[in-house]
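Asker: I'd like to go over a predicted model; first the sequence, then the structure.
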Amino acid sequence: MPLQRPRHLLSCAVLGASLLLSACGFHLRGTGVDDVKLEELNVTARNSYGPTYQSVLEALQVNGVDVRSSAPYQLQLLDENRERRAVTYTYRSTPAEYELTSELIFQISDRQGRPLIGPETLFTYRVYVNDKDNLIGTSEEEALLHREMRQDLTRQLMFRLSSISASDLAAREQKLDQQAP
């Protein structure tokens, strides 16, 4: 009997913690993206060998999107900008913290190249401490943060694409056709 009481308390604590976490909107990182409704998509970028392009291709394939050049709609990764700026300084006027920012500009167009959605900008940032006594660790942290930011931009793009269907794009394309003289 004495062993059952701690188990009962532990199970109540776990249940209470899970209820509190679910009530506050907590979810694990990387979850919550609905399936991308587009069945096929052509993807282009200025740097088709870059890590962001590769990350987007992989995410689309994981979501069941057939990436092919003959697709009726084209996801264009127009530009990717990264910046680093000092946000705080030490008493010796050396940077104590840096802010990394990254943005991805994209649009979705039809076969004629007419934009149906966008251009839209996705944005993410991180701040890290500049440890002047550990330059290798600081540079590795910066590289890790850049990878996280790329994953975050890809996740944001998948969220955006999950709200778009082929019928939405077809309706936009039809509207453009009606406006053309």
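Answerer: Perfect, I can see it now. Computed from a predicted model, the values in this text were never measured in an experiment.
Asker: Which positions within the helix or strand hosting Asp152 qualify as buried?
Answerer: For Asp152, the enclosing helix or strand under DSSP states H and E is helix 135-162. Of the residues in helix 135-162, those with enough neighbours to count as buried (16 or more other C-beta atoms under 10 Å) are 138, 141, 145-146, 149-158, 160-162. The way it works is simple: take the backbone N, C-alpha and C, and place the C-beta from them, glycine included.
Asker: which strands and helices sit next to that helix?
Answerer: Where contact means 3 or more C-beta pairs under 8 Å, 6 or more residues apart in numbering; DSSP states H and E, helix 135-162 is packed against helix 51-62, strand 74-89, strand 95-109, strand 115-129.
Asker: So which bits of the first one are buried?
Answerer: Going back to what we said before, that points to helix 51-62. Residues of helix 51-62 classed as buried under the neighbour-count rule (16+ other C-beta under 10 Å) are Thr52, Tyr53, Ser55, Val56, Leu57, Ala59, Leu60.
Asker: The first one reaches Arg150, doesn't it?
Answerer: So the one you mean is Thr52. Yes. Counting by C-beta atoms under 8 Å, Thr52 touches Arg150, with 5.5 Å between them.
Asker: sorry, back to before: and the helix holding Asp152 with strand 115-129, angle?
Answerer: 150 degrees (axes from the mean of the first three to the mean of the last three C-alpha atoms, to 10 degrees).
Asker: can you state the direction angle for helix 135-162 and strand 95-109?
Answerer: Computed by the same axes, to 10 degrees, the angle between helix 135-162 and strand 95-109 is 30 degrees.
Asker: how distant is helix 135-162 from the center of its chain?
Answerer: Centroid displacement of helix 135-162 relative to its chain, using C-alpha atoms, centre = their mean, to the nearest Å, is 8 Å.
Asker: tilt between that helix and strand 74-89?
Answerer: Using the same axes, to 10 degrees, one finds that helix 135-162 and strand 74-89 are set 140 degrees apart in direction.
Asker: so can I have CSV of the helices and strands packed on helix 135-162 showing mean pLDDT and distance to Leu10?
Answerer: As requested, those are exported to CSV (pLDDT from 0 to 100; distance: least, C-beta to C-beta, whole Å):
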stretch, mean pLDDT, distance to Leu10
helix 51-62, 88, 36
strand 74-89, 88, 43
strand 95-109, 88, 41
strand 115-129, 87, 36
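Asker: for those, which one sits closest to Ala13?
Answerer: Counting by C-beta to C-beta, Ala13 lies closest to strand 115-129 out of these; the figure is 33.4 Å.
Asker: Who are the packing partners of the closest one?
Answerer: Secondary structure elements in contact with strand 115-129, counted by 3+ C-beta pairs under 8 Å, 6+ apart, are strand 95-109, helix 135-162, helix 166-179.
Asker: export the ones you listed to CSV and tack on distance to Ser11?
Answerer: Listed next are the helices and strands packed on strand 115-129 as CSV, based on distance: least, C-beta to C-beta, whole Å:
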stretch, distance to Ser11
strand 95-109, 43
helix 135-162, 34
helix 166-179, 46
